[in-house]
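Chemist: Need a 3D model of the following:
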Amino acid sequence: MHQPARRISPEIILFSGLLIALLTSGPRVSMGLFQLPVTAETGWGRDVFSLAIALQNLLWGLGQPFAGAVADRFGAVRVLITGALFYAVGLVVMAQAPNQGVFHLGAGIIIGLGLSGCSFNLVLGAFGKLLPESWRPMAFGAGTAAGSFGQFLFPPFGTLLIGQIGWHQTLLVFSVTVLLVLPLAMYLASPPAGTSGPAGPQQSIGQALSEAFRHPSYVLLVAGFFTCGFQVAFITAHLPAYLRDIGMPAWVGGWSLALIGLANAVGSLSAGYLSGRMPKRWILAFIYAGRSAATVAFLLLPPSPATALVFSGVMGFLWLSTVPPTSGLVMQMFGTRYMAMLFGFAFLSHQVGSFAGVWLGGVLYERSGSYDVVWWLSVALGIASAVIALPIKERPVVRAAVQPAE
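Modeler: Residues are numbered from 1 along each chain as shown. Purely as a prediction, here's the structure:
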């Protein structure tokens, strides 16, 4: 028999979710710091490292709809704990990998599956179900911002650790920090009294998916999210190496990633605030167009630490500020019942873009000695996504009578 739900305050749910988002994002966004140490020690090309991180992003995306569906059905706790264990094990395997195959297994497949079960996406889904409706827009922004704050904390810390104890041991330290998710997950176990309510019609999973993928605005939203993944994953994996290639000292790469994280905390909170006050499609169009403009300026201006840091600050403000309006649109269209799963499919598109950005960056660098093609492709994709965001209709889906799911 089910035990009565524990009374957990919204403040504790929010705080626990924010810490989970911070702890799981930090090691992931620091992956680019390991590219040069790993390739220098092993003799592998950047395409080898890039394939591992591309697989990580792809498996994260492929696992996300399934993790979301399980969380929607049974609650987030089991999924978060399982994901954190996979994540921690993957970091250990990555650290000890004797060959390329094992490196791809740990850094790519195991970490990717772990992320699908314990990243900020699951936290946002839990927030949608467990928090009062008035809390949700800012909570979505805060959850994304917490992940960004992890990006501010971990890269400088990782740069220091790699210099002091080496990249193998740094990955082991990161593995231990991920295990802190296990006790925090327990606070996302059940809704506080009085905050749960109708989450949507009694649809089956198949009915919910059919409804979503026949909805033109959802399809546009999913398509645009591909660009977000392409841009942010390419920069996360390759910006530190790119900056070294153009003559920057190592600290510029670490602090560029950190500044992206700090600025994104501000950008995500701002996007969460604005999502409740203006059309979300306008926010998305501005973000995608702004990223393209910032990239063009960065590529055309003379390279220097100052331009790198300014670019990182601007991109950081626009980084994952796409997530609050995107998750808000999913909830606005379809309700909260299958939110984690439906946002998971949008995130799958994001991660297919992430795979493409990271992998193309490594492959084209090895073939041409330059990242230029990928930079300009990123600009073109940003413009395209800004355009397709504008026709999105921001209203609940019109439903015919739905038969209760068995």
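
Chemist: Any idea which helix or strand in the protein has the lowest mean pLDDT?
Modeler: Lowest mean confidence among the helices and strands of the chain (mean pLDDT, DSSP states H and E): helix 120-130, at a mean of 79.

Chemist: Any buried residues in the helix or strand just after that helix, and which?
Modeler: The first helix or strand that comes after helix 120-130 along the chain, using DSSP states H and E, is helix 136-165. If you call a residue buried by 16 or more other C-beta atoms under 10 Å, then helix 136-165 has these buried ones: 136-159, 161-162. Quick note: C-beta positions are derived from backbone N, CA and C, even for glycine.

Chemist: the inter-axis angle of helix 136-165 versus helix 120-130?
Modeler: Here helix 136-165 runs at an angle of 150 degrees relative to helix 120-130 (axes from the mean of the first three to the mean of the last three C-alpha atoms, to 10 degrees).

Chemist: Could you list every helix and strand that helix 136-165 packs against?
Modeler: helix 10-29, helix 120-130, helix 167-178, helix 250-275, helix 323-334 (3 or more C-beta pairs under 8 Å, 6 or more residues apart in numbering; DSSP states H and E).

Chemist: Could you say which one of those helices comes nearest to residue 45?
Modeler: For the helices and strands packed on helix 136-165, the distance to residue 45 is smallest for helix 167-178, at 17.0 Å, taking C-beta to C-beta.

Chemist: I'd like to know which elements the closest one is packed against.
Modeler: So helix 167-178, by 3+ C-beta pairs under 8 Å, 6+ apart, packs with helix 10-29, helix 35-42, helix 76-96, helix 136-165.

Chemist: one more time with 7 Å, if that's ok
Modeler: For helix 167-178, the packing partners by 3 or more C-beta pairs under 7 Å, 6 or more residues apart in numbering; DSSP states H and E come out as helix 10-29, helix 76-96, helix 136-165.

Chemist: I'd like those written out as CSV, with mean pLDDT and distance to residue 348 added.
Modeler: CSV is the format used below for the helices and strands packed on helix 167-178 (pLDDT from 0 to 100; distance: least, C-beta to C-beta, whole Å):
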stretch, mean pLDDT, distance to residue 348
helix 10-29, 88, 17
helix 76-96, 94, 16
helix 136-165, 82, 18
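
Chemist: Reformat these as JSON lines; add distance to residue 112.
Modeler: Formatted as JSON lines, these follow (distance: least, C-beta to C-beta, whole Å):
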{"stretch": "helix 10-29", "distance to residue 112": "10"}
{"stretch": "helix 76-96", "distance to residue 112": "8"}
{"stretch": "helix 136-165", "distance to residue 112": "16"}
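
Chemist: now the angle from the least confident helix or strand of the chain to helix 250-275?
Modeler: Using the same axes, to 10 degrees, helix 120-130 lies at 20 degrees relative to helix 250-275.

Chemist: who's in contact with helix 120-130?
Modeler: 13, 17, 20-21, 25, 64, 67-68, 71, 76, 79-80, 136, 139-140, 143-144, 147, 188, 191-192, 195, 199, 327, 331, 336, 339-340, 343-344, 347 (C-beta atoms under 7 Å, 6 or more residues apart in numbering).

Chemist: got the angle between it and helix 76-96?
Modeler: 170 degrees.

Chemist: Please shift the residue numbers so they start at 50 in all later answers.
Modeler: Okay, using 50 as the starting number, the last item reads as helix 169-179.

Chemist: and helix 169-179, how far out from the chain's middle?
Modeler: 13 Å (C-alpha atoms, centre = their mean, to the nearest Å).

Chemist: any weak-confidence spans in the stretch 300-449 of the chain?
Modeler: Within the stretch 300-449 of the chain, the stretches with pLDDT under 70 are 448-449.

Chemist: now the helices for the stretch 250-399 of the chain?
Modeler: Read by DSSP state H, counting those that start in this stretch, the stretch 250-399 of the chain holds these helices, from start to end of the chain: 254-262, 265-294, 299-324, 329-349, 354-366, 372-383, 388-417.

Chemist: Which positions in the third one come out as buried?
Modeler: This points to helix 299-324. Buried, per 16+ other C-beta under 10 Å, within helix 299-324: 301-314, 316-321, 323-324.

Chemist: Equivalent analysis for stretch 93-106, please.
Modeler: 93, 95-106.

Chemist: Stretch 254-273 now?
Modeler: Quick answer for stretch 254-273 (16+ other C-beta under 10 Å): 256-258, 260-261, 264, 266-267, 269-273.

Chemist: Rebuild those residues as JSON lines, extending it with distance to residue 177.
Modeler: Compiled in JSON lines, these are given as follows (distance: C-beta to C-beta, whole Å):
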{"residue": "256", "distance to residue 177": "19"}
{"residue": "257", "distance to residue 177": "14"}
{"residue": "258", "distance to residue 177": "18"}
{"residue": "260", "distance to residue 177": "18"}
{"residue": "261", "distance to residue 177": "15"}
{"residue": "264", "distance to residue 177": "18"}
{"residue": "266", "distance to residue 177": "18"}
{"residue": "267", "distance to residue 177": "16"}
{"residue": "269", "distance to residue 177": "21"}
{"residue": "270", "distance to residue 177": "16"}
{"residue": "271", "distance to residue 177": "18"}
{"residue": "272", "distance to residue 177": "22"}
{"residue": "273", "distance to residue 177": "20"}
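
Chemist: From residue 378, how far out is the residue lying closest to residue 407 once chain neighbours are set aside?
Modeler: Distance criterion C-beta to C-beta, 6 or more residues apart in numbering; nearest residue to residue 407, sequence neighbours excluded, is residue 103 at 4.1 Å. Distance, residue 103 to residue 378, by C-beta to C-beta, to the nearest Å: 27 Å.

Chemist: Great, nothing more from me.
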